[in-house]
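Enquirer: Sequence first, then the predicted structure, then my questions.
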Amino acid sequence: TFQGLSLGKMPSVAQLLLAYFPPLTLVVTLQFRRGLLFVGAACTPGEGDREQRAQQLRHLVWRMAIQESELLSCVRRLSELNALIEKELTGDPRMSGELVQQYSEAVAQAEAFLLAPLARALADRFWLYGTMLEHASNPKRLVLLPDRSLWSLPVEKSPSLLKLFGIGYSAISRDLALHVAAQRVRRVVEAADGELKPLARPHVPTARPESTVLLSDQFDEDSLSPSDAPKSEVICAVHKRLLEAKIVGNTAQSLHGQLFAASPGDVRGMLADSTVFLSVGFGRFFTSVSSSDFASQDLRHLAVLAPFHRAINGSAFRRQTKVDSQKSARRLSLEDDYGMALLAAFRGVHCMLQVAGPVPNSHSIRCLVVFAKGLQAGKTAGKALEEALAQQVESEAQRYARTMEGAALPGDAARVDPKAPAGKAQPSSGTSPSPAGGEALDLLQAHTRFSYFLVGAPWVVSEAGGSGGKEAAPAKKR
């Protein structure tokens, strides 16, 4: 078996860390077995000579006892609450505050017995002079490798882990395994002559703006509700606006449901010819796109796969239920969040967005717009998602409001330049508003922020982005 799998030819763990991860990246694998959490961590050193860096690798191997019943109860509770929230969103586009609070409490439970102790152990080993003091050897980013039993926990949003870095959500990402993470950046690291060019910074230029495609509301299920303003945009209208503004480069292959329902062949063609595949719609991704077709494609060219799905309404819920009823339990298990991440990784996707829970339709649309603009502007996928999650509104009334013509929110119309082209930067285009009085409110509630995360290399950036793909300098800690 050892010879058949060619394990002897695989690079060593030290070689993978030094060449395939940026300097000062902390990689942590989390494996839960029989009441014990096994933690393996290593931090890549700063820039320097290869031999010196190899000697500066820091490691941690640790285990912690966890009540299996407590973990399973927490995971089950999160799943039950997601089902209840999806049911609520089927009839009302607004999320129930009570359910959101219960979800936050379940996440806080996981924080207390799992993530907070993990953060303390990492801080003791890798922040040599304490977390409150800036030092050149402190890790700048974290890659978590949780196993299947931990996959549904929003580990990237852990306050204890985020506090270690003192910057936004882009500091933490997840992947499936060390070798899988290294495989995603081979195109950048491995030269044609076999030499390795270690990642000198978190910058993987494998996306191209001109090969960005967008699939919107494949079955034309979006419609305005009585509470929406008369001139509000449906998904297909937002699709047209993004194409007109050149936010999406490949307009010829980008499709929306008002044209026609994209066939499996259309979707295969979009995946085959793009480096960035954006999708927005209702229900889970694999109820719109066949998992068999997806698993049969070579996607090593696909830098970013971002399905902004999991919004729901009555017609989409009926379609999703009908599609799922025709699948076996084994097939449904394969198509869950972990299974989808595994399929995408094995087919070669560099970075994938996952939406782990149901989200309001208006939030899904606005997050897609900000994320697409970030990629088009040359920002990394991690930074683009961070900006999408950090959106703010001026009032509670705007939280679930759809954008209107020209990308304005109700209440913004008086401040929008009527001469500005559609799709250009406007008050509600994704940037934080500057209200005349009072503090701005977060657009996304905790549950929605927990639901969005990246799997793979969050350092993917557009080749045309130039220096725009560089990460901003971390803010100094107080």
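Expert: Perfect, I can see it now.
Enquirer: Now do the same for the spatially closest residue to Arg284 that is not a sequence neighbour: helix, strand or coil?
Expert: Nearest non-adjacent residue to Arg284, counting by CB to CB, 6 or more residues apart in numbering: His309, 6.1 Å away. No exception for glycine: its C-beta is placed from N, CA and C like everyone else's. Local secondary structure at His309 is given as strand here, using DSSP: H, G, I helix; E, B strand; the rest coil.
Enquirer: Who are the contact partners of His309?
Expert: Each residue near His309 by CB atoms under 8 Å, 6 or more residues apart in numbering is listed here: 279-285, 288, 355, 364.
Enquirer: Take those residues and keep only those in strands.
Expert: When strands are assigned by DSSP state E, the members of those inside them are 279-282, 355.
Enquirer: Tabulate those (a markdown table), appending neighbour count, pLDDT and distance to Gly314.
Expert: Compiled in a markdown table, these are given as follows (neighbours: other CB atoms under 10 Å; pLDDT from 0 to 100; distance: CB to CB, whole Å):
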| residue | neighbour count | pLDDT | distance to Gly314 |
| --- | --- | --- | --- |
| Ser279 | 23 | 96 | 21 |
| Val280 | 28 | 96 | 18 |
| Gly281 | 29 | 94 | 15 |
| Phe282 | 26 | 95 | 10 |
| Val355 | 21 | 96 | 20 |
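Enquirer: I'd like to know which of these is nearest to Leu409.
Expert: Nearest to Leu409 among these, counting by CB to CB, is Val280 at 18.2 Å.
Enquirer: hang on, the earlier thing: with respect to Glu47, which of the contacts of His309 is nearest?
Expert: Val355 (35.6 Å).
Enquirer: Residues in a beta bridge with that closest one, which ones?
Expert: Val355 forms beta bridges with Tyr452, as assigned by DSSP bridges.
Enquirer: remind me which residues of this structure are low pLDDT?
Expert: Flagging of the chain using pLDDT under 70 yields the residue ranges 1-9, 411-438, 464-478.
Enquirer: which helix of it spans the most residues?
Expert: In the chain, ranked by residue count with DSSP state H as the criterion, the top helix is helix 68-91.
Enquirer: how about the helix or strand following it as PDB, C-alpha atoms only?
Expert: Sequence order places helix 97-110 as the next helix or strand after helix 68-91, per DSSP states H and E. Taking Å, rounded to 0.1, in the frame of the first residue of the first chain, the C-alpha atoms of helix 97-110 are listed here in PDB:
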ATOM      1  CA  GLY A  97     -34.400  37.400  16.200                       C
ATOM      2  CA  GLU A  98     -35.100  34.600  18.700                       C
ATOM      3  CA  LEU A  99     -33.700  31.900  16.500                       C
ATOM      4  CA  VAL A 100     -30.600  34.000  15.700                       C
ATOM      5  CA  GLN A 101     -30.100  34.500  19.500                       C
ATOM      6  CA  GLN A 102     -30.400  30.700  20.100                       C
ATOM      7  CA  TYR A 103     -27.900  30.000  17.300                       C
ATOM      8  CA  SER A 104     -25.400  32.500  18.800                       C
ATOM      9  CA  GLU A 105     -25.800  30.800  22.200                       C
ATOM     10  CA  ALA A 106     -25.000  27.400  20.700                       C
ATOM     11  CA  VAL A 107     -21.900  28.800  19.000                       C
ATOM     12  CA  ALA A 108     -20.900  30.400  22.300                       C
ATOM     13  CA  GLN A 109     -21.100  27.000  23.900                       C
ATOM     14  CA  ALA A 110     -18.600  25.600  21.400                       C
END
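Enquirer: That's all I had, so thanks and see you.
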